[in-house]
Each structure stands twice: as structure tokens, then as C-alpha cells.
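K.L.:
need a structure here:
(3 chains)
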Amino acid sequence: MLHRPPSHSAAIGPGAVPCLALPTPAALEQRQQLGAAQAPSCGAEAFTVDPAALAGGQPRKHTQYPYVTGTSVLGITYKDGVLLASDTLGAYGSTKRYKSFERLRKVNDVCAVGASGELSDFQYIMRLLEELSDDDFCMDDGHHLKPHEVHSYLCRVLYNRRNKFDPLWNSIVVGGFYGGKPFLGTVGMIGTNYTDEHVATGFGNHLARPLMREKHRPDMSEEEATALMHECLKVCYYRDKNSINKFQLAKVTAEGVTISEPFALETDWNYKLFANPAANAPGTW
Amino acid sequence: MDGGLHDLQQAVSMGTTIMAASFDGGVVMGADSRTSTGSYVANRVTDKITPLTDSIYICRSGSAADTQNLSRYVQWFLEQHGMELGEEPAVSTAAKLAQEMAYQNKNFLQAGLIVAGWDRHDGGSVYAIPLGGTLVKVPFTIGGSGSAYIYGLCDKLWRPNMTEEECHAFVVKAVSHAMARDGSSGGCIRTVVISKDGVKRSFLPGDRVPVAFGELPAPQRQPQVQA
Amino acid sequence: MSGIGSGYDLSTSTFSPDGRVFQTDYAQKAVDNSGTVIGIRCKDGVVLGAEKQLISKMLESNSNRRTFPVDRHAGVACAGLAADGRAIVSRAMAEANNYKSFYGDPIPGHVLAERLATYTHLFNMYWSVRPFGVSTLLASYGKEGPHLYLVEPSGTMHRYFGTAVGKGRQGAKNEIEKLKLEEMSCREGITAVAKILHQVHDEEKGFEMELAWICEDSGRQFQRVPQQLAEEAEAAAKAARLENQEQALGKLDTSLAELRQELAAAAAELRQELAEQRKELRQELAEQSKELAEQRKELCQELAEQRKELLAAVAASEARVAAAQKPLVDLVTAAMSALADSNIQPLPHAARQEQEEAEAEACSGSDS
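P.N.:
Numbering: from 1, shown residues only, chains lettered A, B, ... in the order given. Model prediction:
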């Protein structure tokens, strides 16, 4: 009945939207306008530069780097749902600049996402997801995006953007609970994606997943799952220089999505040799 | 370089110290006044704190050209928006507009921004928009090349619920310490205090800037009235 | 004043000589014929209610929607052509979405209302389009608090405490004016709205009610009123309507009794009057008959006297006749005797005289 906002068509790219979703010629024209997603229907037109126009017909060069970044996001399934976890740091290079940046976000009552990588891109992605769930709200027909649909959508968006050589610099974890089953998936900045019973992005893949492989069971209780998460977070904090001891846990169960207040974990620095590592090894560093 | 005019051909850049901090009832913004092209100080009394509306200001760092033009666009959008809205735009709106332009054009801009101000819904608020176009609401923030030298100082000195005077003193102290260590920051200290009572600008001349470790205070001439 | 046939009603791009745009007026009429839609702004939110005429007995309940969310914090109720309404809703959604993605905040109610009004107005300006046959009630709850707006087919927009459009708008507006909106919560508001909708619904046919609200109870999100609350409100409305009807019936009963009493009193009075009249008449009659009897008596007396006189006169004249007859009789007797000799019978004269005397006596005998 109502066409999707044009920002989505642009994000997904041509051909990815069913034709009927844009039924009128007017809507089709609107979609082709430059910066249509930003243009208010009254008042000023948005200022957006068409990069192709600036390049003057030359091939476009994308020299994009991440500026403000988040580090690993972890996710595991358990008996009643899924847990996602991350710290709350927005790092600026190696400067730990924003220490209260919430990187776990609720999408709707059955789904939450967490992102590492460029946080401005994550904010953009969240805006897309908000638009989708606002749409679901407006349709008022009881339907909403399922976790696997959110995952699928993000895969399309990220893959399309990498095909334009203008990637969204994120690795995203999608966690959800629907139809009595937990869902856990991830998608990388070039569209690589998979689902599993435990996932992690970035450094977490190296630091946390070995622990998960060892200790994770799909029938874990919430306490067990939380304990495993804490252990993984702790290891990430010990060994990832761009992390801080300020974490959040997102829980998705049949009851819905809850995202915890930020918390710190107890860390252990009390091994005897830590105080004097060279005691038994003279000449060591 | 070779001591020639090579520096002058570089982009006009605000290697800078800028900051904004919130206090009970408003915000204080502060900045140094140095603009350089390479090693040459192109402008020693720059005003890097630009009004977006009557009660929202933006601190600019990065390319002077980029941030000036971006600010002009935001000013124009906000003027239009204020008319449609029938009241002063919110600080969050100004920040979002600046962020959107910084984000959508991130490959073409060098712009680190701080948007701060006062509106009747949210009171005083500070938004940081670093290079990639992320939008972060913060109690206080620092930016520009000089900021790297004062993270520790600011983390130590800032506390919530300061009075206006305390906050102003904090900003001046922080900027002066950045200027003391960062070659790209210098000159004077400009501050803008925004609260529900309006906007107060103040200006601390270069010879009055507090002196840090290892420097000497500038000899003070008897104050003269200049035409 | 009707424009039909005058040629000024063919397009919105032509004014009539007295300054009307008839197509716009007609669009308004499309709204005026639709089911009633009302909105009220209570102290903590806005309630919208729509009366949905049952276009078919086989229609699924909750279909034929009239209230639509257009963003989390805003929604509309449409009166008039449902299809036109959806076009407005679609536009409102696009405006809300666009505003949010550009300015980062939810669109304020008055901005959305103004943009919808501008959009609606565009369709009153060109030859190639027709105006929307839809009035839109817009409820929003943003920084500025809960607001209610009405956008009409002409493109005018106003903010209201409460208003109504559609068939029963006049009655509904009268009822809304009686409400104390600034003291009323939305919980109370939904019942009030339901009552009004049931009250102004006049036809025999049933209708389906659709209630939507935005308030603290709904988490400041525009949504249909939860089914249970809506059902409670509807039950209260129906009860109120029944009570109203019973009250009206009771009033009718008492007035009927009063009328009966009055009638009985009038009848009694009439009867008494009649009796008096009869009595008078009887008296009169008696007097008259008495008079008549006297008159008769007098007349009879007179008559008797006259007869007596007449009889006397007759006797005298008979005597005279007899005297005059004597010679004749003698003559006759002589003749008879002469005739007897010749066998002729004479007429017996004495018998005839006796018969006449008896008749005269009978006439005077009925006088007593």
C-alpha cells in the first residue's frame, strides 16, 4: 500500500526492491533525485555533493578510513535466547575518546544489534533500521521484522555498499529470539555473513571465540551464559588495547529486549610474578 | 622545508584547540585563535566559535574553508527551520544537521566540530562531531590538535554541576595548557557562555593567557586605550 | 446558492462570480456525508474516534480502517473517502520520516499539520486534479505536549481542543463543548468519545467504532485503544444510550398520564355542563308545554264557545229553516200522501240530525 522511504532503495541499491513497492511514476522520479532521502518536502534542499560530479568523469577514489571506532562485539545463544556484549568505547585512532558510546541497540521487541567499526556508519545503519521499524509501527498490522530478516537486510546493505567501493566500515552482530528459537548472525563490512551459536567481531574472533568453542552449549542457563560472557569480555579487555572496562550486555528472550546499564568487571592482576616478573628470569624484559 | 614560501601554499588549516563544557544551566565554549598554513600563522586572532543561531554556536577545527562553508549551510538550514518551527531550533537539530553534512561528505571534508548551545527543551547541551561524522552527546568535549595534550587535565578537572564561573575557569585553564604544548594552537583565548539568559562572549588577549611550566609571563605594558 | 449547471463547478481552477470554488465545497460535502469522526485533547493526551458505517454484513471486523499511525508520536483519523485518506496518510508518513532523517527529531505536530495542509491545498489549485474528499484529524504528542489538528479539503488547518467531522458533527460538537477537557484524562476521554459517537449515530443500521489515542498510557505512542478498554468504553456508551432512551420513554409515559388526567377532567366538566344544559332545557320544555296547554285550553274554550254559538246559530237557522220548511213539509206531506198513493218512499230526516250532534260532542271532549 505505502511505498518504502526512498532512503532504503538507495541503500539497498537498484533491483533489490520489488517494483511494486514503488507503485507510482512520481515515486520513481522521486527516487532518482539526488539526495532525495535528505530533501525536506518544504524548505531548503539538502546539501549533498554528488561525488561522481566532483570526480569530473574520472574514476572515483575512495580513501576512506574509520575514524571513531568500536571494538569487538560478542554474541552467544543460550537456553532462553541470546546475549550480546560489548564495551562502550568510541576510540579515535588509539585515543580512548568517547567512553559512554552505546554500541548495543534494540531494533524491536525480538531483535537487537551490536556493531564494531566506524561508529558514524553504525549510526547511519541504526537510522535505516529505525525507519524500518517505524514503518512496521505505522503499518499497525501486528507484523514486524524478524531477526533473520534484519540480518538479511543488513547483509544486502553492506554488500551493496562494498560493491560501490564505498563500504560501511562495520562488523555487525544481530541477535534475536523469535518463534521459540534464538537467532545469532553476523555480517562484515564487505557483506560476509554467517549465523552460528556463538559469534564475535574483530579481535573477539581471536580472543573470545576459542573460549566460546570450549565452553558454550546451546542449553546453557542464563547464569552460565552470563558467566561465559563475562569471561570473554574480561579476556578481550586484557588483550585488546582499544577496550575499556565498561561493558553492556543485551539480552533477547521471549520477554523482549533488555540492554543492561554499563558495568565493570573484576579483573585479576594478583599473580605473584606480575609484581616482579623477572625474579626467576634474570635479564628478562 | 627549504625556508621558502612552500608553507604558504598549503591548505589553511586550524591546527587548533577547541572545547565545550556544560554546567548547571548552560554551556561554555572555548578556543584558541591560531590559524596556520603549514608553519606560518595565517591569522593570529581567528574566531573559531561561530554562531549558528542566537543561542547555538559551533567550534570549528580542521580545514578553515570546509568548516566555514559547512557552518554557513547549517546557519541557512537553521534559519529556514526556525521559521517553520516558529521558535529557536534545538541544539540537537543543529548538531544533527552539521553531523549529516560531515557524514555524507566525509571523503571531501576535514572538519572536527563541536556544536553547543541552549534551548528551552533540553537546556544546555554539547555535541561532538569528530572527523568521520559521528554524533556524540557529551557533558564536555575537546577537539583539535591541541586537545591531545589536555585529555588528562580535563578528565581531572571537569565535574558535573559546576557554576558558570567554575566552568569558565575550567575552559580557560584547559585551553591555555593546550596552547602551552601544541605549536598549532596559540594566540588568544576566546570563550562563549550560553545559558537561558543569553550569550556572553569574552576574550583573553595573548599576553594575558596563563603561563605554564617552562615559560615566562609576557611583560605587561601599562594598558593603553587604542582607537 | 447552487453552482450546478452554471459551469463554475467544473474545476478548482475557476472561481464562481460570488467567490466560491465549488469543487472544494463538494469535496467538503463528501466529508460531511461520511461517518462521524471526532477528536478531543484531554489533559494527558489526545483521543480520536471514528464511526464506521457497516458497508456489508460480511465485512471483517477491524477492517476498513479510519485511524492510522504516521509516526510513533503522531497519527491521523480520516473522515470522507477512505482511498483519499490513505493518500494523505502516505504523505504524512513520508513527511514524518523525511523530517526525522533530516533534522534527527520527530516532526512537531504543527509542522506536520502545516505540511499536510500545504499538500492538501495543492489539490485545490490545478485544473488537472481534484481536491481530497477527506478531513484529517491529526493527533500528536511531542516536546510541545499533546495537540489535535484538523486539516480540511480546502487546505485549511486549525488546532482544536476538540472537534468533529462527518454526518453527526453538529451534535457531536455540541456534546464536546459540554466536556471539561482540561480536567479529563484520556481514560475518561475514550468513554466520552464512545458515548458521543453512539449518541449521534442515528440510523437503524449498526456501526463499528474505532478508537485511537496517544497519551502516557500508550507510552506517548499513537495506537489503537487496547481492545479491552475500547470494549469497556463501548459498553458504557451503549448503556448510556439505553439509559437515555429509557429516560425519554419515562418522560413520554408521564406526559401520557398527564394528558389522560387532563382529558378525564375535561370530559367530566363537559358532562356536568351537558347535564346542566339538559336540565335547563327540560325546564324550558315544561314551561313551554304548560304554556301550550293553557293556550290549547283557551283555544278549546274559544272553540267550544264558537261551536256553541254556531250550534245555536245552526239551531236558530234550523228552526228558521223548519219554520220556513213547514209549509214546504206540509206541501211535501201532502205530496207524499199523494205519492203514497202513487208508491214513493220519503227520506228519514230525523236520523241525519242525530249523527251531526254526536260528532260535535267528540271534538269538545278532548279538552280536559
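K.L.:
spell out which parts of the stretch 151-300 of chain C neighbour chain A.
P.N.:
Within reach of chain A by Cβ under 8 Å from any Cβ of the partner chain, the stretch 151-300 of chain C has these residues: C:Gln221, C:Gln223, C:Arg224. Just so you know, the C-beta spots here come from the backbone N, C-alpha and C atoms, and that holds for glycine as well.
K.L.:
who wins on neighbours among these?
P.N.:
Highest neighbour count within those: C:Arg224, with 20 neighbours (other Cβ atoms under 10 Å in any protein chain shown).
K.L.:
near chain B, which of the residues of the stretch 151-300 of chain C next to chain A show up?
P.N.:
When contact is defined as Cβ under 8 Å from any Cβ, these do not meet chain B at all.
K.L.:
among those residues, which ones are in strands?
P.N.:
Taking DSSP state E, the ones among these that sit in strands are C:Gln223, C:Arg224.
K.L.:
let's have the residues of the stretch 151-300 of chain C next to chain A in a markdown table, adding distance to C:Lys308.
P.N.:
Listed next are those as a markdown table, based on distance: Cβ to Cβ, whole Å:
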| residue | distance to C:Lys308 |
| --- | --- |
| C:Gln221 | 127 |
| C:Gln223 | 123 |
| C:Arg224 | 119 |
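K.L.:
shaky segments in chain B?
P.N.:
Along chain B, the parts satisfying pLDDT under 70 run over B:1-8, B:11, B:223-227.
K.L.:
can you confirm whether the one helix or strand A:Glu131 maps to lies near chain C?
P.N.:
Applying DSSP states H and E as the criterion places A:Glu131 in helix A:119-139. Yes. Counting by Cβ under 8 Å from any Cβ, chain C has neighbours in helix A:119-139: A:Arg127, A:Glu131, A:Asp134, A:Asp135, A:Phe137, A:Cys138.
K.L.:
so who does the residue lying closest to the last one once chain neighbours are set aside touch?
P.N.:
If I follow you right, that is A:Cys138. Leaving aside its chain neighbours, A:Cys138 sits nearest to C:Pro69 (4.8 Å; criterion: Cβ to Cβ, 6 or more residues apart in numbering or on different chains). Contacts for C:Pro69 were tallied using Cβ atoms under 8 Å, 6 or more residues apart in numbering or on different chains; they are A:Phe137, A:Cys138, A:Asp140, C:Gly75, C:Gln221, C:Phe222, C:Gln223.
K.L.:
ok, A:Lys234 next?
P.N.:
Contacts of A:Lys234 (Cβ under 8 Å, 6+ apart): A:Leu265, A:Thr267.
K.L.:
assign it to helix, strand or coil.
P.N.:
Following DSSP: H, G, I helix; E, B strand; the rest coil, A:Lys234 is assigned to helix.
K.L.:
do B:Val27 as well
P.N.:
Here B:Val27 is recorded as strand under three-state DSSP.
K.L.:
identify the bridge partners of it.
P.N.:
B:Ser22, B:Ile194 (DSSP bridges).
K.L.:
was I right about B:Ser63 contacting B:Ser13?
P.N.:
Yes. Between B:Ser63 and B:Ser13 there is a contact under Cβ atoms under 8 Å: 5.9 Å.
K.L.:
what touches both of these two?
P.N.:
What both B:Ser63 and B:Ser13 touch, as defined by Cβ under 8 Å, 6+ apart, is the set B:Gln110.
K.L.:
and for the closest residue to chain C within the stretch 101-250 of chain A, the neighbour number?
P.N.:
Taking Cβ to the nearest Cβ, chain C has its nearest neighbour within the stretch 101-250 of chain A at A:Cys138, 4.8 Å off. Neighbours of A:Cys138 under the rule other Cβ under 10 Å: 23.
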